[in-house]
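Engineer: Fold the following for me, if possible:
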Amino acid sequence: MGRILHITRKEFIQAFRDPRMFGIIFIAPIFQLFLFGYAVTQDVHNITVAVMDLDRSAASRELVRSIFHSGYFSDQGSAESEEAISKALVKGWCDMVLVFPAGFADRLDRGETAPLQVLLDGSESNSASVGAGYLGKILASYTRSVIEERGTRLSALSGLARRPGLPVNPEIRYLYNPELKSSFYMVPGVLAMILLIVTMLLTSLAITREREIGTMEQLVVTPIRPWELLAGKMLPFVVIGLIDMTLILIVAVGHFGLPMAGSLALLYLAALVFLFTTLGMGLLISTVSRTQQQAIFVSLLVMMPSVLLSGLMFPIANMPEPVQWLTYANPLRYFLVIVRGVILKGNSLRILAPEFYLLFALGAVVFTLAVARFRKQAA
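Structural biologist: Sure thing, here's the model as predicted:
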């Protein structure tokens with residue numbers, strides 16, 4: 001028992017020999033607990049809605065007010081044409097579009113069923129299905145209020161009080177994922193997540209391993225320039241990442257039936273920009289880690305927030321506003337928009353240009369900082 005206690009004491013000393021390990025082991029989990037406790041929620045709120053009101057009647061305006069006063073939907077303005085509707089859904093400006101046809105109020109007054117077209121972005125399958133459920137409850141409540149308010153007159157005119165069914169009939173269409181398959185929603189996210197984990201972790205371990213076993217100093221004193229050393233270290237992981245991506249796409253299309261609506265070349269271009277960022281993150285982690293153990297811990301601390309705050313599992317719009325601002329520094333957020341946009345919506349580079357620019361700018365900042373720290377340590 002004495003020998004065991006001596007070894008235990010030695011391991012505790014070894015584990016905390018570097019003061020940074022104390023923060024990684026004890027402080028970082030508490031920080032993540034507060035972060036995820038506020039940010040991670042299954043509730044769906046702030047479903048963005050655009051309205052195309054061709055009826056422009058008191059009845060349509062009343063129903064729109066009921067929808068936005070429910071607390072589940074947020075107003076994204078009005079759409080004046082079918083082109084504006086398509087543009088809003090393709091670019092992700094809104095999650096739902098309501099189209100009130102001309103004569104909506106007249107049909108209600110005559111006791112007929114008034115159609116209401118509902119267009120939903122099916123690429124966000126969870127938000128789309130939940131949003132449709134919320135809308136159904138609001139329409140049911142609106143119908144009851146209409147019948148109660150005008151019950152006597154409407155019953156005399158059409159017998160609505162004796163007839164089942166809703167005066168407002170929502171005609172729901174799910175775009176880009178008509179069957180709301182969860183695999184269409186998750187597989188693009190898994191593709192992005194695997195690229196992040198594999199390339200960032202392997203890069204941080206490869207460089208830290210050289211430093212840990214003492215061969216980094218030997219490489220530095222050779223005629224190899226720092227940028228040549230970094231290029232030689234990172235190119236294999238670029239190839240590995242692209243191979244992983246190809247294998248995932250083959251399985252996704254061949255087995256899960258994932259549509260490839262957009263350009264495959266554009267998707268690989270986006271992957272290269274994303275890898276530029278993840279490799280920079282891996283290199284940066286290696287510059288603040290002395291051992292492979294530290295590199296693994298730090299990588300996990302970066303990966304968990306990146307995945308949970310990317311919109312892969314939980315809608316960003318439902319997170320507290322301070323946390324939403326944090327997500328703008330998350331490269332996975334932009335890559336997810338690009339991957340889903342290309343695969344499910346067939347978006348072009350013109351539509352996805354803002355995400356490409358932001359992803360590249362973020363990668364340039366991370367990579368520049370990482371290279372500067374690496375050169376300083378190598379010197």
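
Engineer: C-alpha only now, for contacts and for neighbours.
Structural biologist: OK.

Engineer: Can I get stretch 171-182 in CSV? Just the C-alpha atoms.
Structural biologist: Listed in CSV are the C-alpha atoms of stretch 171-182, where the atom choice follows Å, rounded to 0.1, in the frame of the first residue of the first chain:
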residue,chain,number,x,y,z
GLU,A,171,-51.4,23.8,-47.0
ILE,A,172,-48.0,22.9,-45.7
ARG,A,173,-45.0,22.3,-48.0
TYR,A,174,-41.6,21.3,-46.7
LEU,A,175,-38.9,22.5,-49.2
TYR,A,176,-35.5,20.8,-49.6
ASN,A,177,-36.5,17.9,-47.4
PRO,A,178,-40.1,17.0,-48.2
GLU,A,179,-40.2,13.9,-46.0
LEU,A,180,-38.4,15.6,-43.1
LYS,A,181,-35.8,12.8,-43.0
SER,A,182,-33.5,13.3,-40.0
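
Engineer: Show me which residues of it are buried.
Structural biologist: Of the residues in stretch 171-182, those buried under the neighbour-count criterion (16 or more other C-alpha atoms under 10 Å) are 173-177, 180.

Engineer: From start to finish, how long is stretch 303-313 in a straight line?
Structural biologist: 14 Å (C-alpha to C-alpha, to the nearest Å).

Engineer: whoops, stretch 307-314 was the one
Structural biologist: 10 Å.

Engineer: domain parsing for this structure?
Structural biologist: By the record's domain assignment, the chain is partitioned as 47-175, 181-378 (automatic domain parsing).

Engineer: Residues contacting stretch 83-93, please?
Structural biologist: When contacts are taken as C-alpha atoms under 8 Å, 6 or more residues apart in numbering, the neighbours of stretch 83-93 outside the stretch itself are 48, 76, 79, 94-97, 120-121, 341, 345, 347, 351-352.

Engineer: at 6 Å what do you get?
Structural biologist: Counting by C-alpha atoms under 6 Å, 6 or more residues apart in numbering, stretch 83-93 makes contact with Cys94, all of which sit outside it.

Engineer: mean confidence for stretch 273-286?
Structural biologist: Averaged across stretch 273-286, pLDDT comes to 90.

Engineer: What sits closest to Thr277 if chain neighbours are left out?
Structural biologist: The spatial neighbour of Thr277 that comes closest, neighbours along the chain excluded (C-alpha to C-alpha, 6 or more residues apart in numbering), is Gly363 at 4.0 Å.

Engineer: do you know how far Glu228 is from Thr215?
Structural biologist: Glu228 sits at a distance of 16 Å from Thr215 (criterion: C-alpha to C-alpha).

Engineer: oh sorry, the question was meant for Cys94
Structural biologist: To Thr215, Cys94 is 53 Å away according to C-alpha to C-alpha.

Engineer: Looking at these two now, which is surrounded by more residues?
Structural biologist: Between Cys94 and Thr215, counted using other C-alpha atoms under 10 Å, the more crowded position is Cys94 (21 against 12).

Engineer: circling back: what pLDDT does the model give the residue nearest to Thr277?
Structural biologist: For Gly363, the predicted pLDDT is 90.

Engineer: Likewise for Gln42?
Structural biologist: We note a pLDDT of 60 for Gln42 in this prediction.
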